[in-house]
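> just coords:
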């Protein structure tokens, strides 16, 4: 099964909400880890002419989502350009066009990358979220609405379930989150 087929099959299993409240599919990092073996990365590299020299260790440890997005949009040949300019998974999702890609020659790759990155970059809940969180309206929150607790105007309160694969919070973090949300009510 090629990568696009794999992603199209997997993304149906994971849904969340974007900043507009629309249901959106996403693919958690664990699904990417499961797919990308050293052999599959090498196969992608050898399929291009000229062959690409992308190290599996770089992909698996630093650029799994970056590599996946580029393969998905059929622009993996730009992997070296991005990584050479210090763009890795740590910078994703990209909020704006990186200066290195702000040229007409990169217009297509930038457009496709910015459009499709959200599928591979759902919000992962962790302790860092409690400070200065600013989300793009296309960012996918890995939340499934389970029950409407209060459905009035101007306030709507819902009970949500967080996708297990996007939940890195511990019990202490959940307690802080509950206290914070109660104070906001």
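Sure thing, it's come through. What you see is a predicted model; the values in this text were computed from it and never measured.
> drop to CA atoms for contacts and neighbour counts, all remaining ones
Fine.
> Enumerate the positions of the longest strand belonging to the chain that are buried.
In terms of residue count, the longest strand belonging to the chain (DSSP state E) is strand 143-151. Within strand 143-151, the residues that count as buried by 16 or more other C-alpha atoms under 10 Å are 143-144.
> Next, the angle strand 143-151 makes with whichever helix or strand comes after it.
As assigned by DSSP states H and E, the chain's next helix or strand after strand 143-151 is strand 156-162. Angle, strand 156-162 to strand 143-151, by axes from the mean of the first three to the mean of the last three C-alpha atoms, to 10 degrees: 150 degrees.
> Residues touching strand 156-162, excluding its own?
By C-alpha atoms under 8 Å, 6 or more residues apart in numbering, the surrounding residues in contact with strand 156-162 are 142-151.
> repeat that for 10 Å
For strand 156-162, contacts defined as C-alpha atoms under 10 Å, 6 or more residues apart in numbering pick out 16, 124-125, 141-151, 185.
> same thing with stretch 109-116?
Contact with stretch 109-116 is made by 66, 69-70, 72-76, 78, 93-98, 101-104, 107, 138, as judged by C-alpha under 10 Å, 6+ apart.
> tell me how far stretch 41-57 is from the chain's mean position?
In this view, stretch 41-57 has its centroid 23 Å away from the chain centroid, taken as C-alpha atoms, centre = their mean, to the nearest Å.
> Quick one: end-to-end length of that stretch, please.
Start-to-end span of stretch 41-57 (C-alpha to C-alpha, to the nearest Å) is 10 Å.
> Show me which positions of that stretch end up buried.
Neighbour-count burial for stretch 41-57 flags 41-42, 44-45, 52, 54, 56 (criterion: 16+ other C-alpha under 10 Å).
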